[in-house]
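My questions concern the predicted model and sequence given below.
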Amino acid sequence: MQLGDIAHLRTGDKGDISQISVIAYDPADFDLLVREVTIARVLRHLAGLTVDNAQRYELPAIGALNFVLEGALSGGVTRSLALDAHGKTLGAQLLDLPLAGEDGR
């Protein structure tokens, strides 16, 4: 099972900060998100990023996690030479995150 099987995303970027909200389709899956979608796993999955600081905020009332990744956009969307440095691209990558130990951890 992958993250995209049980959740969808909303993303945004401002300057050099990417924000990714992971929202469970079914609120019953929120505990699975909390357990499986950790800062460490997100950063390992998006290993090509240089993140200065990462925070995760839990929003149980809406079944969501919000990740704020400072320094993730190579200086910012308008300054980066990368063609895919936008939060939407990072979010799309994150939907492939294996859940329930599928990645062999």
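Perfect, thanks for sending it. None of these values were measured; they are calculated from a predicted model.

Nearest the middle, which residue of the protein would you pick?
The residue lying closest to the centre of the chain (CA atoms, centre = their mean) is I20, at 4.8 Å.

Just after the helix or strand containing it, pick out the following helix or strand.
Per DSSP states H and E: I20 is located in strand 17-24. Sequence order places helix 30-36 as the next helix or strand after strand 17-24, per DSSP H and E.

For the protein, which element, helix or strand, carries the lowest mean pLDDT?
helix 87-94 (a mean of 68; mean pLDDT, DSSP states H and E).

circling back: who's in contact with the strand holding I20?
3, 6-13, 30, 32-33, 37, 42, 62-73, 87, 90-91, 94 (CB atoms under 8 Å, 6 or more residues apart in numbering). C-beta coordinates here come from the backbone N, C-alpha and C atoms, glycine included.

Just the buried ones out of those, please.
Buried residues within these, counting neighbours by 16 or more other CB atoms under 10 Å: 3, 6-7, 9, 11, 13, 30, 32-33, 37, 42, 63-69, 71-73, 87, 90-91, 94.

hmm, back to that, the residue nearest to the centre of the chain bridge partners, please.
For I20, the residues forming beta bridges with it (DSSP bridges) are T11, F67.
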